[in-house]
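> Take a look and give me a structure for this.
(one chain, ligands or ions: 2)
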Amino acid sequence: MNKLFIEEIDCKGKTVIVRVDFNVPVKDGAVENDKRLRAALPTITRLVDEGAKVVLMSHLGRPKGQRVEAMSLKPVATRLAELLGKPVAFADDCVGPAATDAVANLKPGDVLLLENLRFHKAETDNDEGFAKELAALADLYVNDAFGTAHRAHASTEGITRHIDSCACGYLIKKELDFLGSALTEPKRPFTAIIGGAKISGKIDVIKALLPKVDTLIIGGGMACTFLKAMGKEIGNSLCEEEKLPLAKELLELGKGKILLPTDYLATDRLDFENRAIGSQAFVGEDAIAKDQMAVDIGPKSTQLFADRIEVSKTVVWNGPMGVFEIDASAKGTFAVADALVKATENGGTTIVGGGDSAAAIEKAGLADKVSHVSTGGGASLEFLEGKKLPGVEALS
Ligand SMILES: Nc1ncnc2c1ncn2[C@@H]1O[C@H](COP(=O)(O)OP(=O)(O)O)[C@@H](O)[C@H]1O
Ligand SMILES: O=C(OP(=O)(O)O)[C@H](O)COP(=O)(O)O
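Residues are numbered from 1 along each chain as shown. Ligands and ions are numbered 1, 2, ... in the order given. Next up is the predicted model:
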């Protein structure tokens, strides 16, 4: 990779602003899964050891320009301090006096985390003035937010126009090295599994993936949009109406390659807050009732998918098969995780991408039994598509 690398910058005594992806699940004021924090430690530790003043910035969730307390990064600072074994200061805002004062208080080797970038709409708008304000906080910039590298936002792209040295951190390099070697000429059969809830973010990717893969498995909330596109009843299941025409087109394009669930776990009530569902019944693809929603794939689909996954030589998995955060609707996701482990044991290269898929495989205790758990879902998919990642392209 012909990019300025963190090991090539002289940062002693300098203020270094680092874009990390600390978009992690937070519940009741505590970090539920700290994989993305641990993945950023090599870069942070390197800068601390070199005597830099380290300013970390990240987004969490999609607060759409509003200050949303549940999406504060404060709990992340607490967990990061535990992982680093040293204090992590926290600034209540990522720009303005709260940020500039906190930066002014730093001594070499200190670490500061700024509040959620997306509390300002200017971040996702890639606003020039906002990017300048972020750049003005530091002497050097490092990007190590692989999970956000596919976004051209102020902290990943705009900022690089206002700061001289923009280096790549250890995590981005590690991810690109691994994904590059596994996916440039993938071993076949090549199976991609797409699930989860970010339908509009991922459905466009499917079109680009189809020519590259031998099988495309679709599960999770994503499957329901396809089911509806086939003219079937999906009740209250997750669906993005405006993507129905595209789903129809993809079904045609992907004939013989796309594998959809043939049965689902249907329920009349999903209570995400209390991690509970109401009634539970396995139903065929034609039998989701009007007042029900599909929250997981059923046993027949699980078997169908597992049979295909286990004999694949390259597998990319992005997005859970159901609402895996609730035990009753987690079976399909964990069965796919098991199938990936079998594929790995059979000599395949298996890659899990996406915050929630990574959390699922960790929850199943299988993260070290697959080839690579990427910290980026959308980012790894866009890389797989062959797209340039703006957060990487913009580096020196
Ligand atoms: N059938 C479904 N209905 C509603 N939500 C679902 C369904 N299947 C999966 N999900 C939800 O999708 C979320 C993860 O989606 P997404 O962000 O796209 O995945 P990833 O972070 O792995 O890229 C999880 O919170 C999960 O509960
Ligand atoms: O979690 C992320 O993406 P992912 O779920 O595709 O891995 C990244 O933090 C990017 O978040 P975004 O999709 O809200 O820009």
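> C-alpha only now, for contacts and for neighbours.
OK.
> and stretch 42-60, which residues are buried?
Neighbour counts over stretch 42-60 (16 or more other C-alpha atoms under 10 Å) mark 43-48, 50-60 as buried.
> tell me which parts of the chain are close to ligand 2?
Within the chain, the residues that sit near ligand 2 (C-alpha under 6 Å from any ligand atom) are Asp21, Asn23, Gly61, Arg62, Gly147, Thr148, Gly354, Gly355, Gly376, Gly377, Gly378.
> Which single one of the residues you listed is nearest to Leu246?
Looking at the residues of the chain next to ligand 2 and their distance to Leu246, the nearest is Gly378, at 18.6 Å (C-alpha to C-alpha).
> Now the closest one: closest residue in space, sequence neighbours ignored.
In space, and not counting its chain neighbours, Gly378 is closest to Gly354: 6.7 Å by C-alpha to C-alpha, 6 or more residues apart in numbering.
> Let me see the ranges of the helices in the stretch 151-300 of the chain.
Here the stretch 151-300 of the chain has its helices, by DSSP state H, counting those that start in this stretch, at 170-183, 199-209, 220-229, 244-253, 299-310.
> Any buried residues in stretch 206-217, and which?
Applying a neighbour-count criterion of 16+ other C-alpha under 10 Å, one finds Ile206, Lys207, Ala208, Leu209, Leu210, Lys212, Val213, Asp214, Thr215, Leu216, Ile217 buried in stretch 206-217.
> Might you report the residue contacts of the nearest residue to Ala294 once chain neighbours are set aside?
For Ala294, ignoring the flanking residues on the chain, the nearest one in space by C-alpha to C-alpha, 6+ apart is Ala266 at 4.4 Å. Shown in contact with Ala266 (C-alpha atoms under 8 Å, 6 or more residues apart in numbering): Ser279, Gln280, Ala281, Phe282, Val283, Ile288, Gln292, Met293, Ala294, Val295, Asp296.
> So which of those residues are in strands?
Within these, residues falling in strands by DSSP state E are Ala281, Phe282, Val283, Met293, Ala294, Val295, Asp296.
> Need the per-residue pLDDT for the fourth one.
In this case it means Met293. On the pLDDT scale, Met293 is placed at 98.
> pretty sure it contacts Ser237?
Yes. Met293 is in contact with Ser237 according to C-alpha atoms under 8 Å; the separation is 4.2 Å.
> Okay, now the unreliable bits of the stretch 1-150 of the chain?
Judged against pLDDT under 70, the stretch 1-150 of the chain has no low-scoring part.
> Having no further points to raise, I will conclude here.
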